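K.L.:
Build me a structure from this.
(chains A and B)
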Amino acid sequence: MGYPYIPNTREIRGQMLREIGAANIDELFADIPPQIRLKRKLKLPPAMSELEVKRHVQSILAKNNPFTQMLSFLGGGVWPHHVPAHIRSLVQRSEFLTSYTPYQPEASQGMLQALFEYQSMIAELVGLEVANSSMYDWATALGEAALMCARVTRRQKFIVPKLISKDRLSVLRNYASGPGLEVVEVGYDRRTGQLDLEQLRAELGGDVAGVYIENPSYLGFLEKQGDEIAAAAHKTGALFVVGVNPISLGLFKAPGDYGADIVVGEGQPLGNPVSFGGPSLGIFACRAELKLIRQLPGRLIGATTTLDGKARGYCMVLQTREQHIRRERATSSICTNEALCAVAAAIYLASLGPRGLRDLAELCANNASYAIKKINTIKGLRAPIFEAPHFNEFTLNCDDTRVSIQKLNAKLLKHGIQGGKPLRTEFPELGETALLCTTELHSRKDIDRLIDALTEVLGGRR
Amino acid sequence: MKAGNYAVPEGLHYSREHEWVKLEGKLARVGITDYAQSKLGDVVYVELPEIGKQVKQVTEQKTKEMEIGAVESIKAVSAIYSPLSGAVKEINAALQERPELINTSSYNEGWICVLEPSALEAELKQLMDAKGYAEYVKKL
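P.N.:
Here you go, the predicted structure:
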């Protein structure tokens, strides 16, 4: 003891115990069975001073090789992009930083307006009319989309492509397990990666709530059969759900324009940094149809005019869907949002504008094309493994080199380069394959550096 | 009949959860009472049951099998419990576009659904008549 700023003194603890009628702290924990109690001290080093802790933690952090300090080709669900300085400066303003839960419209107009702008821009970007004010991340947005499909159609089966991130699939299965939703995987064409339409049609029936695809797919290629998949789903009364990397929509058709009823995605690349464990930003949008909106998860911000018609005002709407009113009958298991990340995304999109987003998407895609072209000049390497247009990510296969991806990456690391994400555990059937990502952060020189390193690592054979 | 300011029409059967039952041959039309709509305030959305759903008569221990939907007012959501066991034969689709019918016409145009009761005779004994319900409401 002896720290005046720690109010929980021995004396106060004694008072609290007397108040609740416990003789000592052990009596308070009497309900915890003795067999699960730890009967020794925790194995902790002696206490350290603040300065010692700081030095200790810094020495641990110094062992990291952050991708910001090396050339990295990692993507696979979050993607590194330049975050302009004004975004951080604006979202760090206390007006945004501290007004996280805008339940009181009379005190939160600024935050509510920013979130409304976010919703409006996301809706426009994905080609649908309604977007909520965000979910945790892509994976949880997908989980909620599956549950929404089940609520709307009162059916219990959800179809996904086999080529999706196993992490995302695992979160989806977790969400589906409670209400007993069956998640069915549909295969792909080995040459093009495109969804197997015949298998899809065979799976579709009166019991399917929704069909999900990703564009671009987890492995970077475009699914070109959006129209056909939408038609097949709608024919049987199922909803069509599309997952996106929003940056790609600067270049590609909006899912709403090829029949999507619900769009989910990862909003991190919109002005939010890449960091281990998040925060991420789940995009969630749907068509403006009452039966869909009623079942939409998450917060929704609405705009209206004041009684005198002179000013615009914002507030949370359709709150009766949510947990703070509907309790255990709530439409979703989210009762919050990623407000600050959504505000960053809104500022980012507003800063870029449609033209800027298009330029950015083109740059990312062109870099990937350049890298693909160069990689294919190296003997034994093949990129991509699927014949289809790609966005900013692509697969690299090294089956013909007698070197594993793991070994290749270890050698690249010695050149100060983080290679692609190994796909062996997720998709053993794809052989020695990695997923590489390029964005505007990669210059031609950076890509040439990767090519030179790969060539050298593989024995200089071109 | 009246219970304070609330209308309690004769000839209907009433549950403690404020639903009414109107017998129509072998079928039973169901809705919520004037007292219930008044306590809820402006109804903005009505969640209707699925046609064909098998429901159970409401008891003290409420379960999902007893629900025939929910009514939402601006700040609250209440489940609607079935006053009888049976199958849902018909729903009042007009409520999807005009939920306010619950407020303006709770005993007529604001009906919720029509049930095909499976144990009508025994279960009617659990319900109150207009007089009984009027007295019940006065005590609340």
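
K.L.:
Surely residue A:113 is in contact with residue A:314?
P.N.:
Yes - assessed by C-beta atoms under 8 Å, residue A:113 is found in contact with residue A:314 at 5.2 Å. The way it works is simple: take the backbone N, C-alpha and C, and place the C-beta from them, glycine included.

K.L.:
Neighbour count for the two, which is higher?
P.N.:
Taking neighbours as other C-beta atoms under 10 Å in any protein chain shown, residue A:113 and residue A:314 compare with residue A:314 leading, 21 against 17.

K.L.:
Name the helix or strand for that one, please.
P.N.:
Using DSSP states H and E, residue A:314 falls within strand A:312-316.

K.L.:
name the helices or strands packed onto that strand?
P.N.:
The contact analysis (3 or more C-beta pairs under 8 Å, 6 or more residues apart in numbering or on different chains; DSSP states H and E) places strand A:312-316 against helix A:109-126, strand A:301-305.

K.L.:
Give me the contact list for the longest helix along chain B.
P.N.:
For chain B, the helix reaching the highest residue count under DSSP state H is reported as helix B:130-138. The contact list for helix B:130-138, computed with C-beta atoms under 8 Å, 6 or more residues apart in numbering or on different chains, reads B:1-4, B:6, B:8-12, B:14, B:16, B:33, B:35, B:128.

K.L.:
Quick one: the helices and strands packed on strand A:312-316 as JSON lines, columns for mean pLDDT and distance to chain B too.
P.N.:
Shown next, in JSON lines, are these (pLDDT from 0 to 100; distance: least, C-beta to the nearest C-beta, whole Å):
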{"stretch": "helix A:109-126", "mean pLDDT": "96", "distance to chain B": "18"}
{"stretch": "strand A:301-305", "mean pLDDT": "94", "distance to chain B": "13"}
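
K.L.:
Go through the ones you listed and pick out the most buried.
P.N.:
By mean neighbour count, with neighbours taken as mean count of other C-beta atoms under 10 Å in any protein chain shown, helix A:109-126 ranks first of the helices and strands packed on strand A:312-316 at a mean of 22.

K.L.:
In a helix, residue A:264, correct?
P.N.:
No - with DSSP: H, G, I helix; E, B strand; the rest coil as the criterion, residue A:264 is located in strand rather than a helix.

K.L.:
so what's it up against?
P.N.:
Residue A:264 neighbours (C-beta under 8 Å, 6+ apart): A:135, A:138, A:141-142, A:144-145, A:241-244, A:282-285.

K.L.:
Bridge partners for it, pull those for me.
P.N.:
residue A:243, residue A:284 (DSSP bridges).

K.L.:
same check, this time on residue B:114
P.N.:
residue B:29, residue B:90.

K.L.:
Would you mind confirming that it makes contact with residue B:23?
P.N.:
No - between residue B:114 and residue B:23 there is no contact under C-beta under 8 Å: 10.9 Å.

K.L.:
what does chain B put close to chain A?
P.N.:
B:44, B:45, B:50, B:70, B:72, B:74, B:75, B:76, B:77, B:79, B:96 (C-beta under 8 Å from any C-beta of the partner chain).

K.L.:
Columns distance to residue A:208, neighbour count and secondary structure on top of these, output as CSV?
P.N.:
Formatted as CSV, those follow (distance: C-beta to C-beta, whole Å; neighbours: other C-beta atoms under 10 Å in any protein chain shown; DSSP: H, G, I helix; E, B strand; the rest coil):
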residue, distance to residue A:208, neighbour count, secondary structure
B:44, 31, 16, strand
B:45, 27, 18, strand
B:50, 17, 11, coil
B:70, 26, 17, strand
B:72, 29, 23, strand
B:74, 36, 12, coil
B:75, 36, 12, coil
B:76, 35, 13, coil
B:77, 29, 20, strand
B:79, 29, 16, strand
B:96, 24, 15, helix
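
K.L.:
Great, nothing more from me.
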